[in-house]
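Enquirer: with the input below, show me the fold.
(one chain, ligands or ions: 2)
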Amino acid sequence: MNFADSEIVGAILTKEGYTLCKECGEADYILINTCAIRDNAEQRIRKRLKELKSLQRQRAWVRIGILGCMAERLKQKLMDEEENVSFIVGPDAYRQLPYMLEHIHDGEKLAETLLSDSETYADIDPVRYDTNGISAYISIMRGCQNYCAYCVVPYTRGRERSRDPQSIVREARELFEKGYREVTLLGQNVNSYRWNVDTESHKAEVGFPQLMEMVATISPLLRVRFATSHPKDLSDELLQVMARHDNICKCIHLPVQSGSERILKLMNRRYTPQWYLDRIDAIRHYLPTCSITTDVIAGFCTETEKDHTETLNMFRRVRYDYAYMFKFSMRPDTYAAKHLQDDVPDDIKTRRLEEIIALQGQIALENNQREIGKEYEVLIEGVSHRSDKQLFGRNSQNKVIVFDRGNLKPGQYAKVRVLRCTAATLIGEVIENR
Ligand code: SAH
Ligand code: SF4
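Expert: Ligands and ions are numbered 1, 2, ... in the order given. Presented below is the predicted three-dimensional model:
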């Protein structure tokens, strides 16, 4: 999401005549887009700011700005604590950037952190940075108001709002015409995407399943992915739309967070393990080939060994293809910070996290071993990092497959048979290209 936001910032500044540097050392302005989701994300930014001090000693005119969630969370405090920061800009205030850059020359410090109920940057065509020219992100909504007890996002990104579907379809179509072959629609909880069409002749509501259908019909050669789905809102209707379109990728990221009913309640996730497992059954029913990935938090407030075992059991039941696994990090302002104690000792959090990682590693390897012999359509993304004689791409399930180059090129589709695997990668051979 930050990556997509940086591309919006890039577009806003490019329009005013600014250009992107390849190296930090060439820049007049350094903009750091930040995350506040866990404390270590913020610590990394603090460290980066320290490293930039020596650069600023050589180039005294360089101005550093902090963008995004950390700017929003800390506001003026961040500028007071970090003397080399000249401006801070929250996620809804990027349109102010050109004005701000114009006005900080005299050593003044500026902050703009107002959150908006309506800003979606719908009219801005993001500048695509660091792209392979094949896959791109499209933000379809901003903000979140689910208020999961551990999460800082509702405080740093403001209220949930959806973007005009026509502007999303236009952006996807333009990307396709430029040669892109995959778009990922982004939102904190895409299943609550909603747009009311209300003209004199036409009244309708566009929900996420309809939006997916609109994007998927641009071309069968354009793959469509999305992230993230909140389990409480994952509808059968969406699964049916996914089943109808081959180019909607068969991969669902469904963050579970915990396998314990008590912890899920305390987290304010608003589903039970049984509800979650029913959603998994629905995915397997409508989309038998679908891969499923997740997020999980180890060591949330009051978590016991029994709760942790239930999380491990959830992993054994679902057999995720991939998981993002985190140690709980208490975030200021959240419900947990106000009402709960961060009472699981750090060494226990670490041990539980390691147990989840080890189990998931084993499951991912076993899942990949079951792929051997299967054939997949792969969208080729680039040259393999290991050998320039090999290419890599992903199948619909988002699994990376490496294979010999032949006369194929990135951006093409190829049919590949899986021959071998590791826990992270499939190795295959091309049997057909188109
Ligand atoms: N909107 C998405 C998640 C966005 S944040 C959703 O609801 O699924 C990405 C992940 O970071 C979360 O799923 C959660 O697993 C993790 N996370 C969020 N806050 C955290 C915290 N305080 N400590 C540890 N992990 C956290
Ligand atoms: Fe955070 Fe929950 Fe919103 Fe996801 S749904 S961004 S975890 S508050």
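Enquirer: what's the domain layout of the chain?
Expert: With domains defined by automatic domain parsing, the chain comprises 2-112, 131-192+205-249, 252-370, 375-433.
Enquirer: quick check: mean pLDDT of the shortest one?
Expert: Taken as a whole, domain 375-433 has an average pLDDT of 94.
Enquirer: same question for stretch 16-34.
Expert: 94.
Enquirer: return the distance of it from the chain's centre.
Expert: Between the centre of stretch 16-34 and the centre of its chain there are 23 Å (C-alpha atoms, centre = their mean, to the nearest Å).
Enquirer: now do it: everything it contacts.
Expert: In this structure, residues lying in contact with stretch 16-34 by C-beta atoms under 8 Å, 6 or more residues apart in numbering are 2, 5-6, 9-10, 14, 41-42, 45, 48-49, 52, 55, 59, 61-71, 97-98, 101, 127, 129. All C-beta spots, glycine's among them, are computed from the backbone N, C-alpha and C.
Enquirer: mind running it again at 7 Å?
Expert: Stretch 16-34 is contacted from outside by 2, 5-6, 9-10, 45, 48, 52, 55, 61-71, 98, 101, 129, using C-beta atoms under 7 Å, 6 or more residues apart in numbering.
Enquirer: buried sites along that stretch?
Expert: 18, 27, 29-34 (16 or more other C-beta atoms under 10 Å).
Enquirer: narrow those residues to those in strands?
Expert: Mapping the buried residues of stretch 16-34 onto strands (DSSP state E) picks out 29-34.
Enquirer: what about E429, which helix or strand?
Expert: In this assignment (DSSP states H and E), E429 forms part of strand 426-433.
Enquirer: tell me which two in the ones in strands among the buried residues of stretch 16-34 are the farthest apart.
Expert: Largest separation among these by C-beta to C-beta: Y29 and T34, giving 15.6 Å.
Enquirer: strands along the stretch 1-150 of the chain, start to end?
Expert: Here the stretch 1-150 of the chain has its strands, by DSSP state E, counting those that start in this stretch, at 29-34, 63-68, 85-89, 110-112, 135-139, 141-142.
Enquirer: which one, of the ones you listed, ends up nearest to ligand 1?
Expert: The closest of the strands of the stretch 1-150 of the chain to ligand 1 is strand 141-142. By C-beta to the nearest ligand atom, the value is 10.8 Å.
Enquirer: tell me the mean pLDDT over that closest one?
Expert: In this model, strand 141-142 carries a mean pLDDT of 97.
Enquirer: hmm, that strand in reach of ligand 1?
Expert: No. Strand 141-142 stays clear of ligand 1 (C-beta under 6 Å from any ligand atom), getting no nearer than 10.8 Å.
Enquirer: check whether that strand comes near ligand 2.
Expert: No. Strand 141-142 lies out of reach of ligand 2 by C-beta under 6 Å from any ligand atom, never closer than 11.1 Å.
Enquirer: which residues of the stretch 101-250 of the chain lie near ligand 2?
Expert: Neighbours of ligand 2 within the stretch 101-250 of the chain, by C-beta under 6 Å from any ligand atom: 144, 146-148, 151, 153-154, 188-189, 230.
Enquirer: what's the most distant pair in those residues?
Expert: Pairwise distances across these (C-beta to C-beta) peak at 12.8 Å, for the pair P154 and H230.
Enquirer: now do the shared contacts for those two.
Expert: Common neighbours of P154 and H230, counting by C-beta under 7 Å, 6+ apart, are N146.
Enquirer: show me the shaky parts of the stretch 1-150 of the chain.
Expert: By pLDDT under 70, the weakly predicted segments of the stretch 1-150 of the chain are 106.
Enquirer: closest point of it to ligand 1, which residue?
Expert: Here the residue of the stretch 1-150 of the chain nearest ligand 1 is Y150; by C-beta to the nearest ligand atom that distance is 4.1 Å.
Enquirer: so how far is P231 from that residue?
Expert: For Y150, the distance to P231 (C-beta to C-beta, to the nearest Å) stands at 16 Å.
Enquirer: same deal with L221?
Expert: Distance, L221 to P231, by C-beta to C-beta: 31 Å.
Enquirer: which one of those two is surrounded by more residues?
Expert: Ranked by neighbour count (other C-beta atoms under 10 Å), L221 and P231 place P231 first, with 23 against 13.
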